[in-house]
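1. quick check, what structure comes out for this input:
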Amino acid sequence: MASFGKKVNKSNKVKRGNRDVVKKDTVILSSAIYTAKVNQAYIFETKSGANFAKIELEADGKRLFFNECFQSGDEKGNKTFYTDKDGNDNDLPGYALLNEVLASVMGEDILNSELEDDVKIMDIFDLFADEQVVVKSIPIYSFKDRKDINTKVPVIECLIGKEVKLGVLEAFVDIPQKVDGMYVYENGNAVPSGKAKKVNIIDKFFNIDSGCTFSEFIEAKDATFYKKWNEGYKDTVQDHTENSIAPKPGDATATADGTQSVDSLFKGK
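-> So this is what the prediction gives:
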């Protein structure tokens with residue numbers, strides 16, 4: 001990890017807002033709040049020098065994954081933030097989400113009175129300096145070798161084995177087009193093939209003990225969003241396909257695994 005823990009460009013001008021909102025258009029899965037356990041958590045660096053947090057959780061016998069870029073690559077300055085058109089610094093979405101995961105899982109253990117920051121919360125770099133993130137060799141699946149290969153990576157040990165509450169959603173998303181054996185994405189989004197599939201998505205993290213979200217935790221508020229999330233999402237399924245092609249309840253064309261062919265309706269790319 002040439003760049004992780006040795007150089008990082010943060011901003012002290014980021015204004016963090018409350019992100020606790022029920023988004024009507026958000027992908028939704030057999031919506032419920034589950035108790036989950038962190039099985040593995042590590043950091044992976046790309047060839048560009050960007051850093052990703054990869055976290056595997058298990059809830060109700062099902063594996064769920066968090067995979068977010070929290071630090072930009074070498075050419076972009078190894079930043080945890082971006083500057084918008086108005087000149088304001090904002091956390092990278094992945095960096096903000098990772099902070100949410102860390103605080104939700106660790107609770108009070110994420111606080112550090114020695115930090116100068118107003119909320120005194122340790123981020124992934126503080127945890128690395130505090131040796132709660134440790135470089136070690138773990139088995140990671142290699143697509144090239146088609147098997148697990150022991151690889152040295154920074155492991156987020158302070159998360160492994162811990163429990164957290166997850167707001168898990170059920171949703172239909174586009175199956176991307178496939179060209180020359182490769183799925184096609186544009187700007188991070190799948191180029192639709194005219195078929196949809198059902199997926200599980202982690203939408204929200206809640207502390208296992210308090211039920212607080214990240215926003216409620218840093219603002220010392222009571223845990224109220226837990227109930228609001230449940231009321232807004234429980235037992236619902238939403239269509240997150242670009243052309244609203246997800247099968248509707250009782251649709252005879254939907255297959256058992258949730259995949260549906262809708263070529264006659266598809267008028268996309």
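
2. buried ones in stretch 151-161, by neighbour count?
-> By neighbour count on 16 or more other CB atoms under 10 Å, the buried set for stretch 151-161 is 153-156, 158-160. (Each C-beta comes from the backbone N, C-alpha and C, glycine too.)

3. what about the closest residue to Lys13 other than its chain neighbours, how many neighbours?
-> Excluding its sequence neighbours, the residue lying closest to Lys13 (CB to CB, 6 or more residues apart in numbering) is Asp89, at 4.6 Å. Asp89 has 16 neighbours, counted by other CB atoms under 10 Å.

4. enumerate every residue touching Phe128.
-> Residues counted as contacts of Phe128 (CB atoms under 8 Å, 6 or more residues apart in numbering) are 4-5, 154.

5. cutoff 7 Å now
-> 5, 154 (CB atoms under 7 Å, 6 or more residues apart in numbering).

6. work out for me the element it sits within.
-> If you go by DSSP states H and E, Phe128 is part of helix 124-129.

7. got it, and Gly232?
-> Counting by DSSP H and E, Gly232 is part of helix 225-233.

8. quick one: distance of the helix or strand that that helix is followed by to the chain centre.
-> With elements assigned by DSSP H and E, the helix or strand that comes after helix 225-233 is strand 237-239. Relative to its chain's centre, strand 237-239 lies at 19 Å (CA atoms, centre = their mean, to the nearest Å).

9. can you tell me the strand partners of strand 237-239 and which way each runs?
-> Strand 237-239 pairs in its sheet with strand 163-176 (parallel), by DSSP bridges.

10. so for the partner strand, mean pLDDT?
-> With pLDDT averaged residue by residue, strand 163-176 scores 88.

11. bridging residues for Ala41?
-> Beta-bridge pairing for Ala41 (DSSP bridges): Ile55.
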